[in-house]
Each structure stands twice: as structure tokens, then as C-alpha cells.
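Asker: What would the 3D arrangement of this be:
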Amino acid sequence: MTALYDLTATEIVRHVRARELSAVDLVTALLERIARLEPEIEAWATLGADEALAEAAERDRAAEAGQIGPLHGVPIGVKDIIDVAGMPTVAGFAPYRDRRADQDAHVVARLRAAGAIILGKVHTTQFAHADPAPTKNPWNAARTPGGSSAGSAAAVAARMVPLALGTQTAGSVVRPAAYCGTVGFKPSYNWASRQGVIPLAWSLDHVGLLARTVEDIALAYDAIAGTQTDLAARRDTPPRLVLLTEFLERAEPDVRDHLLDVADRLRAAGASVEEGALPVDLDLWLAVHRVIMQAEVAAVHAEQCARHPDDYGKLLRQEIEVGQLIPAAYLLTAARLRRRIARAVDTALGEVDGYLLPSVSNAAPRRNTTGDRTFQAPWSLVGTPAITLPTGLNSDGLPLGTQLVARRGQDAALLALAAWCAQALGTIAPPDLEPPAEEPEPEAVEQPAAEEAPVADASTEESAPAEEPAPEPAAPREAASDAEREPAPADPEPAAAPEEETAAAEATATEPAAPDVPDPGAANDADEAEETPERPAES
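Answerer: This is a model prediction of the structure:
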């Protein structure tokens, strides 16, 4: 068998089912790997080592009794804005450091019920916004892992866990997954309850998944959503894709060249790939996202920020301040335009299998940023599913991703499309984080050998500039304290969307949204009803 940390979630379940693998042995191996790599990568906010080992022992006993769930024995990392019973949910906010969740978030409970093991909480940017987390990119410690699901992407890329939960409000699943060379999936809006997830912007927040394979993503998605995705659904049906030129024009040369090569490889495998344009101006699309996000961030966080101004990060504080200045008329106009854009995209995607575009505009930049959200935010605005596949490396050895987008509600179809494309394109090897093997002593020679240069760790070949020294690593918190949690602020109900304009005013898009998929601009009454009292309201 391969090294235990190299196993995917799908392989873990197969070995557990065949009684070839103990969950305790697997968790022990991953904890040992985390202990070795964590000082450099800093992916973990809280490790629940004892709890995970106890849960693994329970999974082994259940397996002996023939009770094996679809994720049986699979260790998972949970983004630290998502509640795990008994663990802190700090969200990168110092006043929350002693707050502990009383119960699992809905998505965590669903994963546990499927047999998963919660290994701990992984770092997020503060409240899933843009102020960088301490986490480093496993491919190069001087580069950002992206955000806001920084720890999720880094932990999966470093093979600390095979699967992690993230969230996306603008680009916070797809972008870090692309920067770290993993698969990242943002399903359709409202695909799962967000009970137990601290909101950033109600109508834009999505729970997402990060893993190393599409198969693992589908396994976790089905466990949470209660579905049965058939990844072979289009095995014999090459897809029809539209290569979006607007994004190629905004991409850096290495990203653009890589995506054009990906398109050629997909064509060679039988896909139809035609260049095309978005049905709506991209700059308008991004402006609408920005207005809605700023207004909702301010509504969620302004009161708490006023109480703890020094504890809020600079970028989030600025977002709140701007959001408080947005007139109601601007927000209502943005809501109307959002519906128009969503219908136009539904119509366009109803004629093809998906959009093809780069996942990010550039490879992972330096650690003082979390990257550019331009290539991911449009899909968060309209609630369409989006997935990134790791499909290559640039000349600096950094991962490049390919993004696929499908119509709202077509999550299973997008996963099948991604599986087809992954088969055609292949994937990349994970970053080499192993120490160099010791070489045998050389035989004696007449003249001494020249002194060898020290061997560089592959993850730190490009070091941070001298003026930007890396911070001292912070050890993950333990999950055993019973300290009281500080109540979070009560938040207002999100404003209801205005009435639709006349058909003539919105003639650019006439096809209705998929009937089974909630409009991302509408209030989510079900999630609000499920919410715990100390959590901000969700939409």
C-alpha cells in the first residue's frame, strides 16, 4: 500500500471496507505528518488529536461490525468559521478565541454521520474576508495559499488530510485550491444548510469542498447533499464547452498560454471547445458583486466592529466602512441587476455543458495578498456551481488551475464534466515535502571532495525577501478547554429583494432559473430558522 497520507478519501473507504486499513493507524499517521510539517505551513488553527483518535477507534469498531458509511474513516479538516462541537470557532478574530461550539454545523454533522473523522479546524482569513491568514503555500512558503480557505487548501495540498471544508463568498474555495494545486468545488447556492457557519455576506456565502480528486469531492458532496452522483454519466459523451475570452484577456501570459493548451488537449480528447463571450459585461457583473458584498458585510459586522475596532483586520474594516455608505437605492439596483445577470447566464449555459476559463488570473502571488477574485466572484454572485482542477505548473513550479462552470442546480452534471476533463487532462504530482534521503558515506579518495551546497526543501526553493521575514509559527490550539464563548452580535434580517421590473426592461434574459435552485438574491428563511441565537443571521 502507498504511504497512508497519500491515500485519497475514495481509497481510504475502499481499504476500510476490505478490512485492509485501520482508521486509528490512518489518523496516527496524519497526526505525525502534521507534527512534522505544521511548523512550516501553519494550516491548523485547532487540532483535536485525542478526539480524532477516539472517533477513529469508534469507526474501527463499527467496521468490524459491518457498519461502514460512505466516508468511513476519512479524516477531514474544517474551516475555522464552521462549528465543530467542543472546538473553538475563532474565525481569525481574537475576541472569539475562547468561544466553543455547542454542536456541529449542519455540514459537519452530515459528514460525521457518513463516517468521517474530524481532525480539527484549519486556518481562515478573518471572518473569511481578505486579510491574509498565517498559512503558507506548500509549494513555496513565500507564496500565498490564497484565501479565505487558506488552511483548507494548504492542508489538502500537503496531504495532511484528504478532504477539507471551505467557504466561498467571492473566490475563497476556487482560488486557494488553484494556488495550492488541489480540486476545489463551489456547488450551487443553497446546496446545503449553512447552519453553524459564521456568515460574511448572507446571499453570497457558499459552503465548498477541497480534495485531491473529483471522486473525493463527489463522495463528500453526496454525503452532505444526500445525492448519488454518477461520475461516469458522460463517459462516452464528449462535452460542449465555451472558452470565455474575457478571462483570457485579463490573465497573465503563463495562465493564458496554459488554458489555451488545456483547450487543445480537451479538443484532442473529443470535446467541442469554442471561444465565446459572457452574456453580460464582466465589469458590470463584478461591480454588482462588490456592492452587494460590501453592503451585506457591513450589515453583519458593523456593530461588532464598532465594539472591537482594533481586533478587525484592515481590509475587512475598510469593507465595513464602505458598505455602511452604500445608499439603499444602489443596493436595490444591484439586486435587480443580479437577477438579470443570473437569468442571462442560465439561458447561455442551457445551450452548452459548461464554461471553460482559468481558475485564477495568475499563479500564487506573494503572501501579503490572498490573490485576485475576478475569475471566481461572478459565479458566487449568480450561484452557479464552479470547480477548479489542477492541470499544470508554470515556469516557477507553481500550480495552475482550470475552472469549469455549469448552470445553476447542475452540480452533479458539473462533477461528471469535471471527471471527464480530469481523465483527459491528467493531474499534477503533489508538492515534494519529504526530507532528502540520507546518502551513504563516499569511499575514501586521494583528494577530499568539494564541499556540497546544502539541499533546499522543495517547498521553500523561493524564499521570502529579506524585508518580509516569515512570522514565527503558532502552534495549533488544543480543543479541550471548556471556556465560555462570547456571544456574537445579533444581526438584522437581510432586506427583501425589490419587485421585478417589467419584461421589457429585462428582455436580455427571459428563461427562468432552474426550478429546484433557490435564487441567491432571495432570503433563506429555512437557514435563518435553523440558526443558533448567537450567530449572525444567514440568507
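Asker: buried ones in the strand or helix carrying Thr10?
Answerer: Taking DSSP states H and E as the criterion, Thr10 maps to helix 9-17. Across helix 9-17, burial judged by 16 or more other C-beta atoms under 10 Å covers Ala9, Thr10, Glu11, Ile12, Val13, His15, Val16. Quick note: C-beta positions are derived from backbone N, CA and C, even for glycine.
Asker: OK, contacts around Leu381?
Answerer: Leu381 is in contact with Leu204, Trp285, Val288, His289, Ile292, Arg338, Ile341, Ala342, Pro520, counting by C-beta atoms under 8 Å, 6 or more residues apart in numbering.
Asker: Could you single out the nearest of those residues to Ala49?
Answerer: When these are compared for distance to Ala49 (C-beta to C-beta), Leu204 wins out at 34.4 Å.
Asker: From what I see, the closest one and Ser380 are in contact.
Answerer: Yes - between Leu204 and Ser380 a contact is recorded at 5.3 Å, counting by C-beta atoms under 8 Å.
Asker: what about Leu241, which SS state?
Answerer: Using DSSP: H, G, I helix; E, B strand; the rest coil, the secondary structure recorded for Leu241 is strand.
Asker: er, Val207 I mean
Answerer: Val207 ends up strand, using three-state DSSP.
Asker: For it, report the pLDDT, please.
Answerer: For Val207, the pLDDT comes out at 99.
Asker: Run through the bridge partners of it.
Answerer: Beta-bridge pairing for Val207 (DSSP bridges): Thr167.
Asker: For it, the count of nearby residues, please.
Answerer: Neighbours of Val207 under the rule other C-beta atoms under 10 Å: 23.
Asker: Help me confirm that it comes into contact with Thr167.
Answerer: Yes - the pair Val207 / Thr167 is scored as a contact, 5.6 Å apart, by C-beta under 8 Å.
Asker: Now do the helices in the stretch 151-300 of the chain.
Answerer: 174-180, 214-225, 245-250, 253-268, 282-307 (DSSP state H, counting those that start in this stretch).
Asker: Mind listing what's buried along stretch 357-368?
Answerer: Across stretch 357-368, burial judged by 16+ other C-beta under 10 Å covers Leu357, Pro358, Ser359, Val360, Ser361, Asn362, Ala363, Ala364, Pro365, Arg367.
Asker: circling back to that earlier point, quick one: which of the helices of the stretch 151-300 of the chain is nearest Asn140?
Answerer: The nearest among those, by C-beta to C-beta, is helix 174-180 at 10.0 Å.
Asker: residue nearest the centroid of the chain?
Answerer: Val173 (2.4 Å; C-alpha atoms, centre = their mean).
Asker: wait, what's in contact with that residue?
Answerer: Ser149, Ser152, Gly166, Thr167, Gly184, Phe185, Lys186, His206, Gly208, Leu209, Leu210, Gln376.
Asker: For stretch 112-119, output the C-alpha coordinates as PDB.
Answerer: The C-alpha atoms that make up stretch 112-119 are tabulated as PDB, following Å, rounded to 0.1, in the frame of the first residue of the first chain:
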ATOM      1  CA  ARG A 112     -19.800  12.600  10.700                       C
ATOM      2  CA  ALA A 113     -23.000  10.700  10.000                       C
ATOM      3  CA  ALA A 114     -21.300   9.300   6.900                       C
ATOM      4  CA  GLY A 115     -18.400   8.000   8.900                       C
ATOM      5  CA  ALA A 116     -15.900  10.900   8.600                       C
ATOM      6  CA  ILE A 117     -13.500  11.800  11.300                       C
ATOM      7  CA  ILE A 118     -13.000  15.500  12.200                       C
ATOM      8  CA  LEU A 119      -9.200  16.000  12.700                       C
END
